[in-house]
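**Q** I'll drop the sequence and a predicted model, then ask my questions.
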There are 2 protein chains.
Amino acid sequence: MLKQVAVLKKPSPPKPKSRPAALPASDKQAVPETAGPVVSPLAPKIIAKLPPLSGVRLAAGEAGVRYQGRTDVLLAVMAPGTQVGGVFTISKTAAAPVEWCRAALAQKSARMLVVNSGNANAFTGKAGVDGVRMTAESAAALSGCRPQEVFIASTGVIGEPLPVQRITRVLPDIYENTGAGAWNDAARAIMTTDTFPKLATASAQIDGARVTINGIAKGSGMIAPDMATMLSFVFTDAKIPSEILQQLLVQGVRDSFNATTVDSDTSTSDTLLLFATGKGALHDPVLRSADKRLDDFRNKLFALMTDLAVQVVRDGEGATHLVRINVNGAESQPAARKIALSIANSPLVKTAIAGGDANWGRIVMAIGKSGEAANRDKLSIKIGNHKVATNGQRDPGYSEALLSKYMLRPEIEIDVDVGVGKFSSGVWTCDLTHGYIAINGDYRS
Amino acid sequence: MLKQVAVLKKPSPPKPKSRPAALPASDKQAVPETAGPVVSPLAPKIIAKLPPLSGVRLAAGEAGVRYQGRTDVLLAVMAPGTQVGGVFTISKTAAAPVEWCRAALAQKSARMLVVNSGNANAFTGKAGVDGVRMTAESAAALSGCRPQEVFIASTGVIGEPLPVQRITRVLPDIYENTGAGAWNDAARAIMTTDTFPKLATASAQIDGARVTINGIAKGSGMIAPDMATMLSFVFTDAKIPSEILQQLLVQGVRDSFNATTVDSDTSTSDTLLLFATGKGALHDPVLRSADKRLDDFRNKLFALMTDLAVQVVRDGEGATHLVRINVNGAESQPAARKIALSIANSPLVKTAIAGGDANWGRIVMAIGKSGEAANRDKLSIKIGNHKVATNGQRDPGYSEALLSKYMLRPEIEIDVDVGVGKFSSGVWTCDLTHGYIAINGDYRS
C-alpha cells in the first residue's frame, strides 16, 4: 500500500502533495487556516548551511514551467567518475523521468542531474518519454557527457504535457552559473509548495579521511493545483562504487524515507539518488557495504537521510503535530511496520491528534485494522510517558486530564506493545487538519 | 486493510466514527461547517416506512449509557425457530459483543437482539466479556430463551467500561413495549451521531409465497467523543435455514457493505446479522443458497443490503459528495477491488472531489499506488460522461471547464480501465471535507 524502496526494480518512498501558490478564497467553505506560504510550525528552527562538496557544482534557474517569479530548474554537474545509486516510487504509474533514471542507473556513472518543479511529466505518454530524452541530450551536450549519464526528476502536475523547451532553453545559462555554494538555491528550486527548503549535511571518516555528505529534499509541500512528490538528492565526495551506494540506499531508506507518511498517497515520481564524486579526501577503495571502514559513513548517511525524511513530514500539508509511532512486541519486523503505518495513516487517529484529543480508542482500532497479529488482552499503549492501556484495557492510573495536556505538544510519541512477539518498528507521521483539506480541496471549481 | 466479510471466522465491514453530540466551539481552529445534527445533504429524500414482519417485535428504550434524552437501546424479539446468519469485523481487536455473536451463531437459532449505542464495549477486558453475558442472561430471562439465543451489538466509545446495569435495568420495560411497528424507533436507537435513521424494506416471492425483508443500519455517523461503527440488522419472515442465510450474507456483502468506504478505518464492532423467522407466507423448504426459487429473494435481499450500505456512505462524516468508482480491465476481481478502494480511500482524491476539483491526476496516482497491475499506456479514465484520459495520456477532447461543472454534482461517477485484463469491481465512497476534520478533530482538548 505504502511506499517501499529497493534496488532498481523495487522502488522508493512517496509523498504527493498540492496547494495553490496563493490560495484563492473558496466559495464553498470557510478556510479556517491560513494556507498561504506560511512556514510550517514544525519547521526546523535553523536551515542547515551546506559546505562546498568536491566534484559538485550546482545552480538553479527560472524556466517558467508552471510557476512565475521563482526558480524551478536545478542543474547539478558532477566530476567525471561520479558513481550513483537510486531508489524510486513503487507506483505502477511511475512518471517518465523515473523510468529514465531506472534505465540510466545500469551504467552506474553520473555526470549531471536536472530537476524541474511545476510539472511531474507523469501520465504524459510518448511525449513525456521524448521530453526526458530531449532534456538529457540538451544537458549532456553542455558538459560533453553521454545522455545516459544525466539523471532527471520532475515534480508537479500529473497528466499535463511537459513544456520541455522551457527547460532546455534555460539549461545553457544555468550551466554557466554553476558553482560550489548553491545548495540553498538548489533546495529551493525543487520546492513545489513546500513551506521551507530541506537541507542536511554531515561529515564522516573513512579510513581516517574526512568526507562530506550533503543532501536536499522536497515533498509534503504542495503544488497548485496538483500533487507534488518526494524527491531527495544526496551527494558525497567519498569514493564509493555504485553497487555499494545502492546497497547503502536500500538499507538506509528502511528507517528514514520509508518510515514516514503524511497521507498514505504514493507519488508517481518519488526519487532518491545518491551520488559519490570520489573527489574528496583520499581513502582506500571500499569494496563491500558491510566494510567496517564504512561504519562511520554509513551511520552519518543514515542519520542524514532520516533528518531529511523527517523534515518532509514536518512540512506535511497542514501539519501541526509531528508524531513518532513505535510498535513493539510484534510477530515480525514487517508486521510491526504494518501496524505502525496503520496507526500513522488512520484518518481518525490523525484527526484526534490534530484536535489534541486523548482518544486512544482509535489507536486500538488502527491496530486491529492492520490485519497483523495482536493479543488484545496483552495490548499496551503509552502516549508520551502516560500509560493509557495495559493488558487489554484502560490503565488503572490513566488520567485523561494529564494526557490531554501532553497532546497539546507539537511533537507526540506513541508507544504500542501488541504482545505477541519481539519485533519492533517505528514511523513518523503528522496530523490531519483543516489545513490539509484547505490545501487539497479548497481551490479550483 | 479494509473491511472484509465472510462466514464466522472471516468477518465483515467497518466504519468507525465519532462526533460530539453538540459540537462545542473549538479554541484551536475555526469550525467551517455546522457539525451539529444537520442532516447529511446526501440523505435519501424519503425515509423508508417498514411494514410489520411476522415473528418480529421491537422496541427502543432510554438507558442513558452515554447519551441523555434519547433512546439508546434496541430490543428485538423473534419467534421461536428463528434462524440467523452473521458476518463481522475483521479487526484483530474486535469488541466483546462481536466475539459473543460469533460463538452464538454456532447454534444457528436466535430469539432476541439487544443493541446499545454510546459505548462499544470494546477493549474492555474481562469486564466487557462479563457485561455481554449479563446482558444476554437478563434478556433471555424475559423471553425464556437460552442466553446463547440472544445476539448483542454495541456501538460507541472504545476502551471505556460499559455500564451494563443501565442496560439490564431497562430491558424489562422495553420488553413489555415491544410491538410490530417500531422499525423507525429501532433504527433511531442504534444511531450514534448518524444524521438520519437508515431503513429499507422489500418484498420477494419464494415459490409463489410473498415474503418481506426489513433492514436497518447505522454507521458513518459519529459519536462523542469516540468512534462509532457499522451495524446492520436484516429480518425476513421467510423460512430459510441458518446455513443458507450465512451463504447469502457472505455473497451479498461483497458488493454492498464490503464495497463501501468512508475513511478506511475499520471498526472493532462491525456486525451484520440476518434473521429469518419463518412466520410469513408458507413456502416449501429452501435447501441450497443456489436454489432457483431463491432468485427473487436473493436479488431483493442483495438490493436491500446495497441500499443500506449506500445510506451509510451518504451519511459519511462531513460528506458532501457520494462517489461511485468502477474499475474495469483488471487482472482479477480482487485486483479490480483493490484498485477501486485505493482510489476511494485516497485522501488526495477525496479532497479534490470535496473541492469540486477536476484533478484526475490524483486518480492516476491512486491507481499506481494500489500495487496492482495496470498498463499505464492503455489506462483510460472517465468521470461522468467526460473522457479525461485515454491510452495513457490526457484525452484529446478533454475539457476542464465541462468536467469542473460535472464535479459540482452531489453524486459523481468515476470509471477507470486499467487495460490489463477483463475483471471489474465497483465501490462507493464519499469526499473528505472540513466537516470530517471538524467532527473528528475539533473537540476535546
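**A** Looks like it came in fine.
**Q** what about A:V313, neighbour count?
**A** Other residues near A:V313 number 25, with proximity taken as other C-beta atoms under 10 Å in any protein chain shown. Quick note: C-beta positions are derived from backbone N, CA and C, even for glycine.
**Q** for it, list the residues it contacts.
**A** If a contact means C-beta atoms under 8 Å, 6 or more residues apart in numbering or on different chains, then A:V313 has A:L42, A:S220, A:T260, A:T261, A:V262, A:A319, A:L322, A:W428, A:T429, A:C430 as its contacts.
**Q** buried ones in the helix or strand where it lies?
**A** Following DSSP states H and E, one finds A:V313 within helix A:295-314. By 16 or more other C-beta atoms under 10 Å in any protein chain shown, the buried positions in helix A:295-314 come out as A:296-298, A:300-314.
**Q** could you tell me the phi and psi values at A:A259?
**A** Phi and psi for A:A259, reported as degrees, to the nearest 10, are phi -110, psi 20.
**Q** how about residues contacting the helix or strand containing A:S404?
**A** Assessed by DSSP H and E, A:S404 sits inside helix A:400-406. When contacts are taken as C-beta under 8 Å, 6+ apart, the neighbours of helix A:400-406 outside the stretch itself are A:G356, A:D357, A:A358, A:W360, A:I383, A:G384, A:N385, A:H386, A:V388, A:I412, B:R444, B:S445.
**Q** and if you look at stretch A:235-242?
**A** Counting by C-beta under 8 Å, 6+ apart, A:53-56, A:76, A:78, A:83-85, A:105, A:108-109, A:204, A:206, A:211-215, A:248, A:274-283, A:285-287, A:294, A:297, A:301 sit against stretch A:235-242.
**Q** list only those of these flagged as buried.
**A** Buried residues within the contacts of stretch A:235-242, defined by neighbour count using 16+ other C-beta under 10 Å: A:53-56, A:76, A:78, A:83-85, A:105, A:108-109, A:204, A:206, A:211-215, A:248, A:274-281, A:283, A:286, A:294, A:297, A:301.
**Q** of those residues, which belong to strands?
**A** When DSSP state E is applied, those are split such that A:56, A:76, A:78, A:83-85, A:204, A:206, A:211-215, A:274-276 fall in strands.
**Q** which helix or strand contains the closest residue to A:I152 other than its chain neighbours?
**A** What sits nearest to A:I152 in space, not counting adjacent residues and going by C-beta to C-beta, 6 or more residues apart in numbering or on different chains, is A:P97, at 4.4 Å. Using DSSP H and E, the element containing A:P97 is helix A:96-104.
**Q** that helix: how far from the chain's middle?
**A** On the basis of C-alpha atoms, centre = their mean, to the nearest Å, the separation between the geometric centre of helix A:96-104 and that of its chain is 18 Å.
**Q** quick one: residues contacting the residue nearest to A:R57 when sequence neighbours are not counted.
**A** Distances taken as C-beta to C-beta, 6+ apart put A:T178 closest to A:R57, at 3.8 Å, once the chain neighbours are dropped. The contact partners of A:T178, by C-beta under 8 Å, 6+ apart, come to A:R57, A:L58, A:A59, A:L75, A:A76, A:V77.
**Q** which helices and strands does the helix or strand hosting A:N184 pack with?
**A** For A:N184, the element it lies in under DSSP H and E is helix A:183-189. Under the contact definition 3 or more C-beta pairs under 8 Å, 6 or more residues apart in numbering or on different chains; DSSP states H and E, helix A:183-189 sits against strand A:56-61, strand A:73-78, strand A:198-206, strand A:209-218.
**Q** mean pLDDT for those strands - can I get that in JSON lines?
**A** Output for those, formatted as JSON lines (pLDDT from 0 to 100):
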{"stretch": "strand A:56-61", "mean pLDDT": "98"}
{"stretch": "strand A:73-78", "mean pLDDT": "98"}
{"stretch": "strand A:198-206", "mean pLDDT": "97"}
{"stretch": "strand A:209-218", "mean pLDDT": "96"}
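**Q** check the offset of whatever helix or strand A:V132 lives in from the chain's centre.
**A** Taking DSSP H and E as the definition, A:V132 sits inside helix A:125-143. Here the centre of mass of C-alpha atoms in helix A:125-143, compared against the chain's by C-alpha atoms, centre = their mean, lies 25 Å away.
**Q** what about the closest residue in space to A:T306 that isn't next to it in sequence, neighbour count?
**A** Spatial nearest neighbour of A:T306, chain neighbours left out: A:S256 (4.2 Å); criterion: C-beta to C-beta, 6+ apart. The local packing count at A:S256 equals 26, with neighbours defined by other C-beta under 10 Å.
**Q** ok, now A:D284?
**A** Using other C-beta under 10 Å, A:D284 is surrounded by 12 other residues.
**Q** now it. Nearest residue, chain neighbours left out?
**A** In space, A:D284 comes closest to A:D207 once its chain neighbours are excluded; the distance is 5.4 Å by C-beta to C-beta, 6+ apart.
**Q** my guess is that neighbour meets A:H283, correct?
**A** Yes: between A:D207 and A:H283 a contact is recorded at 4.1 Å, counting by C-beta atoms under 8 Å.
**Q** which neighbours do the two share?
**A** Shared contacts of A:D207 and A:H283, defined by C-beta under 8 Å, 6+ apart, comprise A:R293.
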